[in-house]
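**Student:** Kindly generate the corresponding structure for this input.
(chains A and B)
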Amino acid sequence: MKSDPTVCVMGEDVGHYGGSYKVTKGLAEMFGDLRVLDTPIAENSFTGMGIGAAMKGLRPIVEGMNMGFLLLAYNQISNNCGMLHYTSGGQFKIPVVIRGPGGVGRQLGAEHSQRLESYFQSIPGLQMVACSTPYNAKGLMKAAIRSENPVVLFEHVLLYNLKEKIPDEEYICCLEEAEMVRPGEHVTILTYSRMRYHVMQAAKTLVNKGYDPEVIDIRSLKPFDLHTIGNSIKKTHRVLIVEECMRTGGIGASLRSAIIDNFWDYLDAPIMCLSSQDVPTPYAGTLEDATVVQPAQIVAAVEQICQ
Amino acid sequence: MLLMRRFETAADSLYKSKLIRGFCHLYDGQEAVAVGMESALTRRDAIITAYRDHCLYLARGGDPVSAFAELMGRAGGCARGKGGSMHFYKRDANFFGGHGIVGAQVPLGCGVAFAQRYRKEGTVTFDLYGDGAANQGQLFEALNMAALWKLPVVLVCENNHYGMGTAEWKASKSPAYYKRGDYVPGLKVDGMDVLAVKQACKFAKEHVLAKGPIILEMDTYRYHGHSMSDPGSTYRTRDEIAGIRQERDPIERVRKLLLAHDFATTQELKDMEKEIRKEVDAAIAKAKESPMPDPSELFTNVYVNDCGLESFGVDRKVVRTVLP
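**Tutor:** So this is what the prediction gives:
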């Protein structure tokens, strides 16, 4: 925001409150009420407003207080954000960043635990990324702001408290690139967002059992980084996808078919995909834990694939 | 206005000869709104509208050849043949389209006005919608925000009294759309009188720059049905349509004024009409020469090429990037 005066933020409670997850803390004091705009609770129209402002040359960052609320803005995101560059024959670009926390939290209930990656996947013209560490959060955010395309940045409710030492200077993470978390030889585990941590926990157990998993945080949900993924599959020949979105029509489903289309000859075992159950997220803690993938399931899956 | 009337009539015949397909929403009868508005604004002011956008495009300086080409899906169209009747845009004239979903353009227009205020441009946005869209929730959401932040937006309700096939009194508890603003003032304007529209828009522009948003309700009428698939006679009588054509036609009104005050002779006006007919016919002929878009155009403009990389969806195999 310091280097480019056209960058502005809009969302509920982003200004004086500092953001419901403190992401925009301090910005309103620095940049003023117009650049860090507190909106009324009207997701459909303030997302539309952000897109209109982008058409006119600004670079807004629209925050959904919870990703689930952005379902109200689906029409604007799909038709006006994703498709406008195409339907105007290239005349207008929409350099907007739509971000917010999503995912299953700690007993937040079904409507506040949604994973919107699967719903936005098919929208043409949209790019989707999911950050998972403080390092890639900063890098992906910067890249998303600088991108001329509309980018949806998925953050996770449970990852805001992570602490990590990151460089003060400017750096960006490529929006289309996946991140190699742990190189290995036996199996490629593809994951993103919070599930990365469940996978790394399972990896500790797996290493003790003698396995050598290669863990890749795919980061880019649309388009997939098939270059990095492909190189990994060519090495290990086995794939496990661990994701937090629903089994039906989720990111894993698309990723699986993309891998089959491109790397079928390199596979020695069927691709396994661990996703959340196709149910609304229940409130009870034990049931909620059973909805998402847990490290023990990941260990069992790897053992099955590597038989 | 004559050019617009001729354009829409020609579009009607092109549609019937299947050169234009899909949806085609014609504006004839409402020309006074487009022309009056344009005459009160500069090209630095912005206009955004819904799908009945052919004449707004022409008013903003759009060229009839590119308009016909776009309607026929040719590469020479204003959106390269990829938008169609409902997606006319002209960025260099600050014409923001051209939107298919009813009411979705209202928040977009407020966003354009937001950017105008952000950059302190001193320009305004005219955000057009119809009596059908006036019942959309996002309109009231946008109105609230526009009033809250004093955005330089004029919300113009082009009330042609029918939301597709539903008369306004059947859809709206309160068809006085200019009064719906509550805390936002509103004016009702005779939308068939181009001079009244011009004065109202001039007033609105000044008001908005000083005091915040305003609603203008243009009382207008469309001769055609909602679109080319709608005969327009199942929900209204032919007498009503003929009556309006007789009493309130915008072009006839101006013609009478010009003749009454000796600004032109009947012959001059007849010649003008002939000229325009020729111009439109020539534009159609030129547009027909334009080729269909190249098949590779299917994949262009999905994303803006940026940072030296390209994206085509889920199956991209190579990552190419140049860090800025």
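**Student:** Enumerate every residue touching the residue nearest to A:Gly230 when sequence neighbours are not counted.
**Tutor:** Counting by C-beta to C-beta, 6 or more residues apart in numbering or on different chains, A:Gly230 lies nearest to A:Phe263, which is 5.6 Å off, once chain neighbours are set aside. Where C-beta positions appear, they are placed from N, C-alpha and C, glycine not excepted. Neighbour list for A:Phe263: A:Gly230, A:Ile233, A:Lys234 [criterion: C-beta atoms under 8 Å, 6 or more residues apart in numbering or on different chains].
**Student:** A:Gly102 now?
**Tutor:** A:Asn66, A:Met67, A:Gly68, A:Gln114, A:Arg115, A:Leu116, A:Glu117, A:Phe154, A:Glu155, A:His156, A:Val157.
**Student:** I'd like the list of these that fall within strands, please.
**Tutor:** A:Phe154, A:Glu155, A:His156 (DSSP state E).
**Student:** Can you tell me the element residue 242 falls in?
**Tutor:** All of this is about chain A. According to DSSP states H and E, A:Val242 maps onto strand A:239-246.
**Student:** Chain B, not that one
**Tutor:** Using DSSP H and E, B:Ala242 falls in helix B:238-247.
**Student:** Could you pull out the buried residues of that helix?
**Tutor:** B:Ile241, B:Ile244 (16 or more other C-beta atoms under 10 Å in any protein chain shown).
**Student:** Could you find the closest non-adjacent residue to B:Ile251?
**Tutor:** Using C-beta to C-beta, 6+ apart, the closest residue to B:Ile251 is B:Met1 (5.2 Å).
**Student:** tally of neighbours for the closest residue to chain B within chain A?
**Tutor:** The nearest approach of chain A to chain B comes at A:Gly52, 2.3 Å away (C-beta to the nearest C-beta). Neighbour count for A:Gly52, taken as other C-beta atoms under 10 Å in any protein chain shown: 34.
**Student:** The residue lying closest to it once chain neighbours are set aside: neighbour count?
**Tutor:** Taking C-beta to C-beta, 6+ apart, and ignoring the residues beside it in sequence, A:Gly52 has B:Gly111 as its nearest neighbour in space, at 2.3 Å. Around B:Gly111 there are 36 other residues, counting by other C-beta under 10 Å.
**Student:** residues touching B:Gly111, list them.
**Tutor:** Contact analysis of B:Gly111 by C-beta under 8 Å, 6+ apart lists A:Gly48, A:Met49, A:Gly50, A:Ile51, A:Gly52, A:Ala53, A:Ala54, A:Met55, A:Lys56.
**Student:** now do 10 Å
**Tutor:** B:Gly111 makes contacts with A:10, A:45-56, A:58, A:60, A:76, A:80, A:96, B:48, B:96, B:125, B:127, B:142, B:145, B:151, B:153, as judged by C-beta atoms under 10 Å, 6 or more residues apart in numbering or on different chains.
**Student:** residues in contact with the closest residue in space to B:Gly212 that isn't next to it in sequence?
**Tutor:** Distances taken as C-beta to C-beta, 6+ apart place B:Lys150 nearest to B:Gly212, at 4.1 Å, with adjacent residues excluded. B:Lys150 makes contacts with B:Ala113, B:Arg117, B:Val208, B:Leu209, B:Ala210, B:Lys211, B:Gly212, B:Pro213, as judged by C-beta under 10 Å, 6+ apart.
**Student:** per-residue confidence at the residue nearest the centre of chain A?
**Tutor:** The C-alpha lying nearest the average C-alpha coordinate of chain A belongs to A:Ala130 (C-alpha atoms, centre = their mean; 2.1 Å). On the pLDDT scale, A:Ala130 is placed at 95.
**Student:** Show me which positions of stretch B:21-31 end up buried.
**Tutor:** For stretch B:21-31, by 16+ other C-beta under 10 Å, it's B:Cys24, B:His25, B:Leu26, B:Tyr27, B:Asp28, B:Gly29, B:Gln30, B:Glu31.
**Student:** nope, stretch B:219-230 is what I meant
**Tutor:** In terms of neighbour count (16+ other C-beta under 10 Å), stretch B:219-230 has its buried residues at B:Asp219, B:Thr220, B:Tyr221, B:Arg222, B:Tyr223, B:His224, B:Gly225, B:His226, B:Ser227, B:Met228.
**Student:** do the same with stretch A:63-79
**Tutor:** Applying 16+ other C-beta under 10 Å to stretch A:63-79 flags A:63-79 as buried.
**Student:** can you check stretch B:30-45 too?
**Tutor:** B:Gln30, B:Glu31, B:Ala32, B:Val33, B:Ala34, B:Val35, B:Gly36, B:Met37, B:Glu38, B:Ala40, B:Leu41, B:Asp45.
**Student:** What average pLDDT does that stretch get?
**Tutor:** Mean predicted confidence for stretch B:30-45 is 95.
**Student:** again, but for stretch A:164-183
**Tutor:** 89.
**Student:** Now the stretch 1-150 of chain B against chain A: closest residue?
**Tutor:** Residue of the stretch 1-150 of chain B nearest chain A, by C-beta to the nearest C-beta: B:Gly111 (2.3 Å).
**Student:** Check the offset of the host helix or strand of that residue from the chain's centre.
**Tutor:** Using DSSP H and E, B:Gly111 sits within helix B:105-118. In terms of C-alpha atoms, centre = their mean, to the nearest Å, the centre of helix B:105-118 is set 17 Å apart from its chain centre.
**Student:** Please see if whichever helix or strand comes after that helix touches chain A.
**Tutor:** Moving toward the C-terminus from helix B:105-118, the next helix or strand (DSSP H and E) is strand B:125-130. Yes - judged by C-beta under 10 Å from any C-beta of the partner chain, strand B:125-130 comes into contact with chain A at B:Thr125, B:Asp127.
**Student:** and strand B:125-130, C-alpha only, in CSV?
**Tutor:** In CSV, the C-alpha atoms belonging to strand B:125-130 read as follows (Å, rounded to 0.1, in the frame of the first residue of the first chain):
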residue,chain,number,x,y,z
THR,B,125,-20.9,8.0,-12.7
PHE,B,126,-24.4,7.5,-14.1
ASP,B,127,-25.5,4.1,-13.0
LEU,B,128,-28.5,2.9,-15.0
TYR,B,129,-31.0,0.2,-14.1
GLY,B,130,-34.6,-0.6,-15.0
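**Student:** one step back: please pick the buried ones from the contacts of B:Lys150.
**Tutor:** Of those, these count as buried by 16+ other C-beta under 10 Å: B:Ala113, B:Arg117, B:Val208, B:Gly212, B:Pro213.
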